[in-house]
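Chemist: Fold the stuff below for me.
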Amino acid sequence: MISNTSHIVSGYDAELSRLTNDLTDLGTIVSEMVSDAMQAFKKRDSIMAQQVIDRDETANSLQFKIDEAVQRIIALRNPVAQDLRSIIGATRIASDLERVGDLAEGIARRAMIINEEKRIDMARSVYRMGKQVRIQLAGALDTLLKGDPIAALHFWQADSDLDDLYDSIFRELVTVMMGDPRTIPACTELLFVAKNLERIGDHATNICEAVYFTVKAEQLIRDPALVNYNADFDGRESR
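Modeler: Numbering: from 1, shown residues only. Below you'll find the model as predicted:
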């Protein structure tokens, strides 16, 4: 997403390239954390869950490095236009990605608790939600790499499906707890996992908004003028 326009000062291009690489690395780390946290949840693997927890510090450090780089570039290079939007977008996206890492860590911690409880059928629904969230996050990261506003709009709009799925899981888990109070401890942990997944979806949406703003210089809002975006997206994909 960082502007690939060549600049007179070669050092400026090198700084932008490093920023892009660090942002990509952070996206890869937190995406793997989410995937591994859900695998630990599915397989009841507490060792894998602990490995996810241990990786959170790496994500935090990389986000701090990106913030420092952004401050240095703004102070020394005085970026304007798309460069400025890209750099500001980078720090916003890094913050969202760091939060995704925190939420993945939270899922891993919940998984370690759930692993000590009796299996509940509703765990399958939560895992399926996790698969959908990973698709959403991967899509958002792909729009970041490609600087693709149409795809950003597509994945941004898809967040409503995740919200509906979370609401459905919430209602089902409450029903299970009301029917059998013995399931309350495990169901409570499942609710926390589902909520963390829903929040990861929200952060993926924020990434899409940042990409769209960087490329279009406009805020991505629910505008009736954008209702045909699906046709544009699907038509482009079919070509």
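Chemist: Closest to the centroid, which residue in the protein?
Modeler: The geometric centre of the chain, computed from its C-alpha atoms, lies nearest to residue 204 (C-alpha atoms, centre = their mean), at 3.8 Å.
Chemist: Packing partners of whichever strand or helix holds it?
Modeler: Element membership for residue 204 (DSSP states H and E) is helix 184-216. In terms of contacts (3 or more C-beta pairs under 8 Å, 6 or more residues apart in numbering; DSSP states H and E), helix 184-216 is packed against helix 81-114, helix 122-146, helix 149-157, helix 159-179. For every residue, glycine as well, the C-beta is placed using N, CA and C.
Chemist: could you redo the last one with a cut-off of 10 Å?
Modeler: helix 10-43, helix 81-114, helix 122-146, helix 149-157, helix 159-179 (3 or more C-beta pairs under 10 Å, 6 or more residues apart in numbering; DSSP states H and E).
Chemist: And for residue 75, the neighbour number?
Modeler: One way to gauge burial is a neighbour count; for residue 75, by other C-beta atoms under 10 Å, it gives 8.
Chemist: distance of it from residue 153?
Modeler: Between residue 75 and residue 153 the distance, using C-beta to C-beta, to the nearest Å, works out to 33 Å.
Chemist: before we move on, back to that, any idea how far residue 87 is from the residue nearest to the centre of the chain?
Modeler: 21 Å.
Chemist: cool, and residue 115?
Modeler: 42 Å.
Chemist: So for the two, which residue has more residues nearby?
Modeler: It is residue 87, of residue 115 and residue 87, that has more neighbours when counted by other C-beta under 10 Å, with 22 against 16.
Chemist: show me the contacts for that one.
Modeler: 2-3, 15-16, 19, 69-71, 73-74, 77, 79, 214 (C-beta atoms under 10 Å, 6 or more residues apart in numbering).
Chemist: same check, this time on residue 42
Modeler: Residues 48, 111, 123, 124, 126, 127, 130, 131 are the ones in contact with residue 42 under the rule C-beta under 10 Å, 6+ apart.
Chemist: That concludes my questions; thank you for your assistance.
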